[in-house]
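The amino acid sequence is not available; the structure is as follows:
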């Protein structure tokens, strides 16, 4: 029996979530290293510096921080490896968004030290995984990099999440909604997951739990964040977006939605959008490709519209007449090795192209039937 035919599930060493959790960061980092290197951009560091410094002082950890740019590029990773060596760090922390965290994981692996994820928004499920997504300097998808273990620690302070722009939380919903759709498809096709084996029943259950918690908690959680408040609904949604979606996508499997996201990075019009906004276009298109029951597709369009996610080409800066861009997206989404090939049925570039074109009119019709607004162009901070 090959390794890829075995059932497997992987997870971070420890997950910590809650209001004020940042105050305990030093306690948890001291358990895995004595000379940490913090990676965080200037904006995020301005938010967390006082709390991180205080928590490190409690456990006599030195505070050394270096900045980060916009994308987890190959060069950014290599630069972090050099910084690790120069500082003699034994643990590296990504504090901020998914790209910084992905770069930290890749650099920690190459340097042979331990690593931790400290997301400051529930905007992606990157923090828990044993992989990084590498992009070009302008945001085009390049590759996945896989590592032999997950982060030693994932710590997320829900008050910091509540203080962040609501668009980040909405983006996380878009990313996490794909988790169950893709795990379901991967399970049906018995395809290997990002964890390197066949989906376990527990991974599928976690993916489904993420989906259920999102549908129940997203709207009240969004309203809580609008007034910078931590509520039980927000706690549930943060867990769904971060832990459950992270475990669910990695050990449950990726399929068409994320492949279409990766394809969309080829269209310059989409470069200002968040990861989750593009993933939601992938999920909508995936349901079309699968021939999903009309009620399932309609409900998804209605819910994601109410949440504030795009489900039309208009909202991501494209039109049905942008044949060059849409065909480039479809070709990139279906290259050999892409996760779209985990779908139960064969999906071609032509299939993706036609499905992408179809979502414009269909989503508009569904929105009109439910009295929802017509599509307008989205931006990253929408």
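Perfect, thanks for sending it. Keep in mind that what you see is a predicted model, and the values were worked out from it rather than measured. Residues are numbered from 1 along each chain as shown.

Number of residues surrounding residue 41?
Using other C-beta atoms under 10 Å, residue 41 is surrounded by 17 other residues. (Each C-beta comes from the backbone N, C-alpha and C, glycine too.)

Ramachandran coordinates for it?
Torsion angles at residue 41 (phi, psi; degrees, to the nearest 10) stand at phi -70, psi 170.

Quick one: residues contacting the closest residue to it other than its chain neighbours.
Spatial nearest neighbour of residue 41, chain neighbours left out: residue 68 (4.8 Å); criterion: C-beta to C-beta, 6 or more residues apart in numbering. Counting by C-beta atoms under 8 Å, 6 or more residues apart in numbering, residue 68 touches 39, 40, 41, 76, 96, 99, 100, 103.

And for the last one, nearest residue in space, chain neighbours not counted?
Closest residue in space to residue 103, ignoring its immediate chain neighbours: residue 72 at 4.0 Å, by C-beta to C-beta, 6+ apart.

is it fair to say residue 148 lies in a strand?
No: looking at residue 148 with DSSP: H, G, I helix; E, B strand; the rest coil, it is coil, so not inside a strand.

distance of it from residue 78?
Separation of residue 148 from residue 78 (C-beta to C-beta, to the nearest Å) stands at 20 Å.

Those two: which has the busier surroundings?
residue 78 (14 against 8).

ok but that one is inside a strand, no?
No: Residue 78 is assigned helix when assessed by three-state DSSP, not a strand.

returning to that earlier point: the residue nearest to residue 103 contacts residue 137, doesn't it?
No: between residue 72 and residue 137 there is no contact under C-beta atoms under 8 Å: 10.9 Å.

quick one: contacts for residue 299?
Neighbours of residue 299 in contact, by C-beta under 8 Å, 6+ apart: none.

so which strand or helix has it?
Using DSSP states H and E, residue 299 falls within helix 294-307.

pLDDT weak spots in the stretch 201-350 of the chain?
Within the stretch 201-350 of the chain, not a single segment meets pLDDT under 70.

re earlier: just the buried residues of the helix or strand sitting right after the helix holding residue 299 along the chain, please?
Once the chain leaves helix 294-307, the next helix or strand it forms, by DSSP H and E, is helix 323-333. For helix 323-333, a neighbour-count test (16 or more other C-beta atoms under 10 Å) marks 325, 326, 327, 328, 329, 330, 331, 332, 333 as buried.

what's helix 323-333 packed up against?
If you count contacts as 3 or more C-beta pairs under 8 Å, 6 or more residues apart in numbering; DSSP states H and E, helix 323-333 packs onto helix 256-264, helix 349-369.

looking at those, which is buried most?
helix 256-264 (a mean of 29; mean count of other C-beta atoms under 10 Å).

which residues touch it?
For helix 256-264, the surrounding residues in contact (C-beta under 8 Å, 6+ apart) are 141, 178, 181-182, 185, 249, 270, 275, 278-279, 281-283, 285-286, 289-290, 316, 328-334, 338-340, 343, 347, 352, 356.

quick one, what contacts residue 59?
Neighbours of residue 59 in contact, by C-beta under 8 Å, 6+ apart: 26, 27, 29, 30.

Filter the residues you listed down to the ones in helices?
Taking DSSP state H as the definition of helices, the contacts of residue 59 contribute 26, 27, 29.

out of the residues you listed, which are buried?
Counted by 16+ other C-beta under 10 Å, the ones in helices among the contacts of residue 59 give 26, 29 as buried.

Show me where the protein has its strands.
Counting by DSSP state E, the chain has strands at residues 15-18, 36-39, 65-66, 91-96, 114-119, 131-135, 141-146, 153-157.

can you state the direction angle for the fifth one and strand 153-157?
Between the axis of strand 114-119 and that of strand 153-157 there is an angle of 20 degrees, by axes from the mean of the first three to the mean of the last three C-alpha atoms, to 10 degrees.

What strands line up against strand 114-119, and which way round?
Counting by DSSP bridges, the strands paired with strand 114-119 are strand 91-96 (parallel), strand 153-157 (parallel).
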